[in-house]
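*Asks:* Predicted model and sequence below, questions to follow.
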Amino acid sequence: MFGYGIGISDVRVTLADGSERDCLQKIYPVGRFLAMGFAGSVRIGFAMIDAISGYLKTDDDTGIWDPTAVANWWPTDARDIFESFPPQERAGQCHLMMVSAFPNTERKDAPWPRSFVHIFKSPEFEAISIPVRKVGAIGCGTAVEPCQRFVEHLSTSFERMTMMMQGEVNCPGGMASRLGIDLTKVLQESQPRGISSHLHYCWVYCKKVIVRTNDHSAEGRWSAFPIGSGINEPDALTTPSIERPTFAMPQIASSWSQLESLLTATGASAQCCVA
């Protein structure tokens with residue numbers, strides 16, 4: 001209802017030998033007011049991000065893609081990309097989540113833009129729309145009981161959602177960062193296999209897409225997290241305000257070639273790894 005979409009992703013990769021590394025960004029801006037995250041085969045996921053970023057690129061800085069239209073035509077392209085990979089990569093599957101915002105031109109009385117979340121799952125990639133104020137999920141976290149309970153509680157508890165929305169008071173984007181703070185704590189306490197407590201937060205506004213980390217400082221029972229997206233601040237100030245985080249993001253790969261280089265440097269292989 002505040003006119004933006006929220007995406008939160010972890011950074012863990014599971015290699016073909018079963019070992020795990022915290023080293024991967026899984027959510028990216030892919031167009032004006034659109035972002036996409038992936039789970040499953042990392043190589044296919046990056047191919048999807050590269051492809052849709054190219055399709056959505058425009059020479060007109062004022063042009064806006066209708067998210068519903070994108071969700072309608074994207075499955076055909078996604079199927080073609082998926083089928084172009086060998087069976088051993090397709091075995092890792094590919095799930096995608098598109099988060100978007102669009103000006104609410106249909107209702108002049110509505111003060112906020114509309115926000116959308118669409119999920120696409122291999123092999124058909126037919127679009128699944130997530131209702132407003134509901135939480136959707138992709139990846140291995142959907143099978144982990146503490147994560148399931150967290151998502152279900154957010155989707156069904158009016159009191160919980162109301163408390164989250166209070167984070168927006170004098171702090172644009174505060175709902176998303178409060179959500180991320182709670183999820184960070186759930187992951188740190190449960191430490192589920194295959195999921196990192198290092199997270200990227202993504203805000204998708206009708207102004208820009210902002211991606212930040214959940215870096216924070218912790219001392220005893222107290223933790224200090226940055227709150228809000230910084231959408232109301234100059235670009236230079238949208239980075240977290242924690243100067244010396246005790247919980248800081250490790251080295252992260254943001255492309256397939258970077259991931260290959262990062263893992264090769266440690267004697268590992270990126271082939272057939274999954275996110």
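*Replies:* Sure, I can see it. Residues are numbered from 1 along each chain as shown.

*Asks:* elements contacting the worst-scoring helix or strand of the chain on mean pLDDT?
*Replies:* None of the helices or strands of the chain scores lower by mean pLDDT, DSSP states H and E than helix 145-156, at a mean of 77. Helices and strands touching helix 145-156, as assessed by 3 or more Cβ pairs under 8 Å, 6 or more residues apart in numbering; DSSP states H and E, comprise helix 158-165, helix 174-190. Quick note: C-beta positions are derived from backbone N, CA and C, even for glycine.

*Asks:* who wins for proximity to residue 23 among the ones you listed?
*Replies:* Closest approach to residue 23 among the helices and strands packed on helix 145-156 (Cβ to Cβ): helix 174-190, 16.5 Å.

*Asks:* who touches the closest one?
*Replies:* 2, 4, 6, 8, 10, 144, 146-147, 150, 154, 164-165, 167-168, 195-197, 199, 201, 203, 214, 216, 223, 225-229 (Cβ atoms under 8 Å, 6 or more residues apart in numbering).

*Asks:* what about stretch 114-130, average pLDDT?
*Replies:* What stretch 114-130 shows for mean pLDDT is 95.

*Asks:* Identify each buried residue in that stretch, please.
*Replies:* Neighbour counts over stretch 114-130 (16 or more other Cβ atoms under 10 Å) mark 114-122, 125, 127, 130 as buried.

*Asks:* Turn these into CSV, including secondary structure.
*Replies:* As requested, the buried residues of stretch 114-130 are exported to CSV (DSSP: H, G, I helix; E, B strand; the rest coil):
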residue, secondary structure
114, strand
115, strand
116, strand
117, strand
118, strand
119, strand
120, strand
121, strand
122, coil
125, coil
127, coil
130, coil
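
*Asks:* nearest to residue 41, of the helices and strands packed on helix 145-156?
*Replies:* helix 174-190 (22.8 Å).

*Asks:* Residue 72 contacts residue 127, doesn't it?
*Replies:* Yes - in this structure, residue 72 is within contact of residue 127 by Cβ atoms under 8 Å, at 6.9 Å.

*Asks:* Go through the helices and strands packed on helix 145-156 and pick out the most buried.
*Replies:* Of the helices and strands packed on helix 145-156, the one with the most neighbours on average (mean count of other Cβ atoms under 10 Å) is helix 174-190, at a mean of 19.

*Asks:* one step back: could you list which of the contacts of helix 174-190 belong to helices?
*Replies:* Using DSSP state H, 146-147, 150, 154, 164-165 are the members of the contacts of helix 174-190 that sit in helices.

*Asks:* follow-up on the earlier one: if we take the buried residues of stretch 114-130, which one ends up nearest to residue 77?
*Replies:* The shortest gap between residue 77 and any of these belongs to residue 125, at 8.6 Å (Cβ to Cβ).

*Asks:* dump the residue contacts of the closest one.
*Replies:* Contacts of residue 125 (Cβ under 8 Å, 6+ apart): 74-75, 78-79, 82, 96.

*Asks:* Give me the subset of those that lies in helices.
*Replies:* Per DSSP H, the contacts of residue 125 map to helices at 74-75, 78-79, 82.

*Asks:* which among the contacts of residue 125 gets closest to residue 269?
*Replies:* Nearest to residue 269 among the contacts of residue 125, with distances taken as Cβ to Cβ, is residue 82, at 21.8 Å.

*Asks:* which ones are touching the closest one?
*Replies:* 44, 90, 94, 122-123, 125.

*Asks:* what's the farthest-apart pair in those?
*Replies:* 90 and 125 (12.4 Å).

*Asks:* Any buried residues in stretch 268-275, and which?
*Replies:* So stretch 268-275, judged by 16+ other Cβ under 10 Å, has buried residues 268, 270, 272-275.

*Asks:* Just put those residues in JSON lines and tack on secondary structure and distance to residue 179.
*Replies:* Listed next are these as JSON lines, based on DSSP: H, G, I helix; E, B strand; the rest coil; distance: Cβ to Cβ, whole Å:
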{"residue": "268", "secondary structure": "coil", "distance to residue 179": "32"}
{"residue": "270", "secondary structure": "coil", "distance to residue 179": "30"}
{"residue": "272", "secondary structure": "coil", "distance to residue 179": "32"}
{"residue": "273", "secondary structure": "coil", "distance to residue 179": "27"}
{"residue": "274", "secondary structure": "strand", "distance to residue 179": "25"}
{"residue": "275", "secondary structure": "coil", "distance to residue 179": "20"}
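
*Asks:* All set, thanks.
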